[in-house]
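Colleague: have a look at this prediction, sequence included:
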Amino acid sequence: MEKIISCWELVNNQKKVWDNIVAEDNKFYYKFEEEKIFLSSFEDKCLPKPKYELTYLGRLLTKLSTCSNIMCKRPGTEEVTFYCLLNKPHGSGLSKVLDRKILQTVAAPINWRRDVVVDFVNNALHNYVVDIKENFAFIDIGCGGGFDSLEVERIMKGIESSLDYRIVNVDIDEKWLKNNENLASKMFGKDSKIIRYNTSVFDYFDKQIYKKDFEGFDNLIVSCNGFAEFFDDDNLTNLYKGIYKLTKEFKGKINIVLPFSVKDEKQEKIGHRVGFRYRTKSKDYMLELVENIFKEFEVDFEEKYSQIVLKLTK
């Protein structure tokens, strides 16, 4: 027992997977040992067209600010997260000044929210591995590059636990899933236990793929972060109902983390002025929604920077 605890402390004091992200020449890389692994380019020529019809101010903002350009063209993606994580403005002169101001507005909430999710997953993992010593499954819904899954596996490999575990990533973005596969191969070799599905989460639920994935596993951690804000009310409700149905496959402990952007009049006014559109909900709406669906769960939350992170436990 003392060995597991000391190994846990040692591994958690090492670099986390996000600490290895670097940006050079408008490209994101992952530094692993002596290798620099390409992930994605945020050069304007490599980004898609804007998701929305921008106002004149919006077109000017995306032209001058790299952060605004990424948020407009790749909303809710790893590119936004990594740019805010590194929190380093790009450009020169006015462009750099403006980019710094945009980062001052958007980086703090995105980074705070990410940190809360990381801590929640880490605490649940500690409970399963160190406290109750039981097998578990981890699913990252809308995983993107699946960095949460890489961090879970980094810890499990690092502490050399004999517990069985299963990791599942579900996302429609084939490029970022391949990035996850490439990184897992580099970091863990053929022993990686990460399973990937390049599909809609609704297809994953409707086809009940999870029944086979999680057969024989007792405890569950669910992370659903970064894309739910782009769903309308019906799809958001169906998403959470699908997660609830998945939890019925487990007889042990269940931990679910559901971050979301809550309504903020100032931010929404700015968004409308530039043509950025994103869906937000009130805290009361989100609490009522999850409490009505996850009836047997204890629901807690943290709120800051117009963000709410819902924490469900059973």
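Modeller: Received, thanks.

Colleague: what's the local residue count around K207?
Modeller: K207 has 12 neighbours, counted by other Cβ atoms under 10 Å. The C-beta positions use only the backbone N, C-alpha and C, and glycine is treated the same way.

Colleague: quick one: it from A124, how far?
Modeller: Using Cβ to Cβ, to the nearest Å, K207 is found at 27 Å from A124.

Colleague: also V106?
Modeller: Noted for V106: a distance of 28 Å to A124, by Cβ to Cβ.

Colleague: more crowded one of these two?
Modeller: More crowded of V106 and A124, by other Cβ under 10 Å: A124, with 25 against 18.

Colleague: does the more buried one really touch I221, like I thought?
Modeller: Yes - counting by Cβ atoms under 8 Å, I221 is a contact partner of A124 at 4.9 Å.

Colleague: overlap in contacts of those two?
Modeller: Shared contacts of A124 and I221 (Cβ atoms under 8 Å, 6 or more residues apart in numbering): N255.

Colleague: can you give me the offset of stretch 169-188 from its chain's centre?
Modeller: Offset of stretch 169-188 from its chain centre (Cα atoms, centre = their mean, to the nearest Å): 13 Å.

Colleague: buried sites along stretch 39-58?
Modeller: Neighbour-count burial for stretch 39-58 flags 39-40, 42, 47, 50-52, 54, 58 (criterion: 16 or more other Cβ atoms under 10 Å).

Colleague: how about stretch 57-66?
Modeller: Across stretch 57-66, burial judged by 16+ other Cβ under 10 Å covers 58, 61-62, 64-66.

Colleague: what does stretch 295-314 give?
Modeller: For stretch 295-314, by 16+ other Cβ under 10 Å, it's 297, 299, 301, 305-313.

Colleague: quote the end-to-end distance of that stretch.
Modeller: Terminal residues of stretch 295-314 lie 10 Å apart, using Cα to Cα, to the nearest Å.

Colleague: which residues are contacting it?
Modeller: 108-109, 112-113, 116-117, 120, 247, 253-264, 267, 280, 283, 286-287, 290-291, 294.

Colleague: give the ChimeraX command for selecting the buried subset of the residues you listed.
Modeller: To isolate the buried ones among the contacts of stretch 295-314 in ChimeraX, judged by 16+ other Cβ under 10 Å, type:
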select :109,112,113,116,117,120,247,253,254,255,256,257,258,259,260,261,262,267,280,286,290,294
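
Colleague: so K263 sits against D284, correct?
Modeller: No - the pair K263 / D284 is not scored as a contact, 9.9 Å apart, by Cβ under 8 Å.

Colleague: what about the chain, any weak spots by pLDDT?
Modeller: 1-2, 264-279 (pLDDT under 70).

Colleague: quick check: longest helix in it by residues?
Modeller: For the chain, the helix with the greatest residue count under DSSP state H is helix 94-126.

Colleague: what residues of that helix count as buried?
Modeller: Buried residues in helix 94-126 (16+ other Cβ under 10 Å): 96, 98-100, 102-103, 106-107, 109-114, 116-118, 120-122, 124-125.

Colleague: assign a three-state SS to the closest residue to K133 other than its chain neighbours, would you?
Modeller: With Cβ to Cβ, 6 or more residues apart in numbering as the criterion, K133 has its nearest non-adjacent residue at 6.7 Å, and that residue is L163. For L163, the assignment made with DSSP: H, G, I helix; E, B strand; the rest coil gives coil.
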